[in-house]
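K.L.:
Model the following, please.
(one chain, ligands or ions: 1)
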Amino acid sequence: MDKLVINNKKIELPAFFPDATYGCIKGVSPDDLKNENISNVVINTYHLLSGNNIGTVNKVGGIHKYSGISGIIITDSGGFQAMSLVRRNNKMGKIDSGGIHFKSSNGQKEIYLTPEKCIKTQIDLKSDIVMCLDDCTNPEESKDKQTESVERTVNWASECKYFFNKYTKNLKNKPLLFSIIQGGNFKDLRKKCADALIGIGFDGYAYGGWPVDKNRIFLSSIVKYTAELIPDNKPKYAMGVGKPEDIKKCFGYGYNMFDCVLPTRDARHQRLYVFKNSSYEYIHISNWKYKNDTKPISNNCGCHTCKNYSRYFLYNLFKNKDPLAIRLATIHNLRFYSDLMIKLKQLKIS
Ligand SMILES: [Zn+2]
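P.N.:
Below you'll find the predicted structure:
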């Protein structure tokens with residue numbers, strides 16, 4: 001697949017979706033994004049729900065009007081937070097066959113995220129790509145736990161499809177519905193999950209679960225195997241895969257959609273990406289060696305930051321904790337990812 005069309009919107013594939021957790025990316029405006037060829041983002045349903053923001057967002061007219069982002073918006077299901085919050089700390093909630101109970105950190109508020117609530121919330125937000133609720137796991141968890149996760153993920157996906165059809169029945173412009181393949185590091189479970197989800201039928205399929213092991217080694221084998229299970233005429237979304245070398249591998253396996261917090265989080269931590277030969281390197285801009293460096297971050301980058309400012313300027317902004325530092329660094333890193341997608345596409349053509 002080289003493009004994805006949703007109603008009157010079209011995006012070229014492969015595409016990278018930066019994480020705009022609450023509807024915005026820290027420090028940058030939608031115009032900043034547009035100028036760097038980024039018009040699509042992922043927004044997190046759980047974080048909007050937990051901040052009581054959904055009603056207000058809907059009053060404004062939906063997530064696009066609220067955020068000012070006109071491109072394709074994926075709304076995450078909240079399943080990832082089942083792993084990152086609940087599975088790691090049982091004081092944060094519990095998971096049962098009906099859904100995920102999230103407790104606030106002071107224990108006073110509880111959100112019960114069911115397949116119906118997950119789908120209805122995303123449709124009310126006017127998302128372009130709705131994700132099914134899944135029971136996301138860590139690859140280190142036992143086979144019993146992974147089996148349980150696959151069963152829940154399939155049951156919830158089936159319910160999600162039912163409620164998706166119910167709540168979009170009268171909509172003129174329907175979003176797409178994607179499901180998420182779980183199964184940890186077990187090929188038989190990944191296959192069982194993918195077969196069941198493909199049997200139900202979705203518009204796209206995602207690799208779910210943490211894609212690296214406890215030593216932060218990328219799980220190439222299972223990620224590749226899972227891509228092979230997804231039909232080639234459907235979008236293949238590698239959720240949370242963000243290191244440029246891992247994205248490149250995944251693109252080779254057949255994935256064409258990616259999201260990750262890395263480029264924006266690294267920018268805030270003064271870590272900037274620069275292409276070098278067929279690979280890339282980091283510039284740690286707060287290093288003293290840049291304090292007299294008048295070159296741009298990269299001579300080969302066409303972003304607003306590189307066109308207008310020196311490494312020395314950015315070094316000083318970070319040193320003085322000026323908020324402009326985050327904006328300019330984020331703009332550069334997002335442009336790097338946008339350029340990375342173009343390079344991948346050229347790789348395929350050449
Ligand atoms: Zn740049």
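
K.L.:
Spell out which residues of the stretch 201-350 of the chain are next to the ion.
P.N.:
Residues of the stretch 201-350 of the chain found near the ion (C-beta under 5 Å from the ion) are Cys301, Cys303, Thr305, Cys306, His332. Bear in mind the C-beta positions are built from the backbone N, C-alpha and C, glycine included.

K.L.:
Who wins on neighbours among those?
P.N.:
The most neighbours of any of those, using other C-beta atoms under 10 Å, belong to His332, which has 27 neighbours.

K.L.:
Spatially, what comes nearest to that one if we skip its sequence neighbours?
P.N.:
Thr305 (4.5 Å; C-beta to C-beta, 6 or more residues apart in numbering).

K.L.:
Tell me the secondary structure at that neighbour.
P.N.:
Under the three-state scheme (DSSP: H, G, I helix; E, B strand; the rest coil), Thr305 adopts helix.

K.L.:
Compute the number of surrounding residues for Gly199.
P.N.:
9.

K.L.:
er, Asp124 actually
P.N.:
For Asp124, using other C-beta under 10 Å, the count is 15.

K.L.:
Check what pLDDT it gets.
P.N.:
At Asp124, the model reports a pLDDT of 92.

K.L.:
Was I right to think the residue nearest to His332 contacts Ile326?
P.N.:
No. Under the criterion of C-beta atoms under 8 Å, Thr305 makes no contact with Ile326, lying 11.3 Å away.

K.L.:
In the sheet, which residues pair with the closest residue to His101 other than its chain neighbours? Tell me.
P.N.:
The shortest distance from His101 to any non-neighbouring residue, by C-beta to C-beta, 6+ apart, is to Gly93 (4.5 Å). As for beta bridges, Gly93 partners with Phe102 under DSSP bridges.

K.L.:
Gly93: neighbouring residues, count only.
P.N.:
Using other C-beta under 10 Å as the criterion, the residues surrounding Gly93 number 21.

K.L.:
got it, and the one 10 residues further on?
P.N.:
Per other C-beta under 10 Å, the neighbour tally for Lys103 reads 18.

K.L.:
Quick check: residues of the stretch 51-200 of the chain near the ion?
P.N.:
Counting by C-beta under 5 Å from the ion, no residue of the stretch 51-200 of the chain is near the ion.

K.L.:
Closest residue of the stretch 51-200 of the chain to the ion?
P.N.:
Gly71 (20.6 Å; C-beta to the ion).

K.L.:
From what I see, that residue and Asn37 are in contact.
P.N.:
No. In this structure, Gly71 is not within contact of Asn37 by C-beta under 8 Å, at 10.3 Å.

K.L.:
so who does the residue nearest to His332 touch?
P.N.:
Pro296, Ile297, Leu314, Leu328, Ala329, Ile331, His332, Arg335 (C-beta atoms under 8 Å, 6 or more residues apart in numbering).

K.L.:
Need those in JSON lines (columns: pLDDT and secondary structure).
P.N.:
Formatted as JSON lines, the contacts of Thr305 follow (pLDDT from 0 to 100; DSSP: H, G, I helix; E, B strand; the rest coil):
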{"residue": "Pro296", "pLDDT": "97", "secondary structure": "coil"}
{"residue": "Ile297", "pLDDT": "97", "secondary structure": "coil"}
{"residue": "Leu314", "pLDDT": "97", "secondary structure": "helix"}
{"residue": "Leu328", "pLDDT": "98", "secondary structure": "helix"}
{"residue": "Ala329", "pLDDT": "98", "secondary structure": "helix"}
{"residue": "Ile331", "pLDDT": "97", "secondary structure": "helix"}
{"residue": "His332", "pLDDT": "98", "secondary structure": "helix"}
{"residue": "Arg335", "pLDDT": "97", "secondary structure": "helix"}
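
K.L.:
Farthest-apart pair in those, please.
P.N.:
Leu314 and Arg335 (14.2 Å; C-beta to C-beta).

K.L.:
What is the three-state secondary structure of the residue nearest in space to the middle of the chain?
P.N.:
The centroid of the chain falls nearest to Asp259 when counting by C-alpha atoms, centre = their mean (3.2 Å). At Asp259 the chain is in strand, as set by three-state DSSP.

K.L.:
Bridged to it, which residues?
P.N.:
Going by DSSP bridges, Asp259 forms beta bridges with Phe17.

K.L.:
coming back round to it: just name the closest of the contacts of Thr305 to the ion, please.
P.N.:
For the contacts of Thr305, the nearest to the ion is His332 (3.7 Å; C-beta to the ion).

K.L.:
what's the distance between the closest residue to Asn155 other than its chain neighbours and Gln122?
P.N.:
In space, Asn155 comes closest to Ser97 once its chain neighbours are excluded; the distance is 7.2 Å by C-beta to C-beta, 6+ apart. Here Ser97 is placed at a distance of 21 Å from Gln122 (C-beta to C-beta, to the nearest Å).
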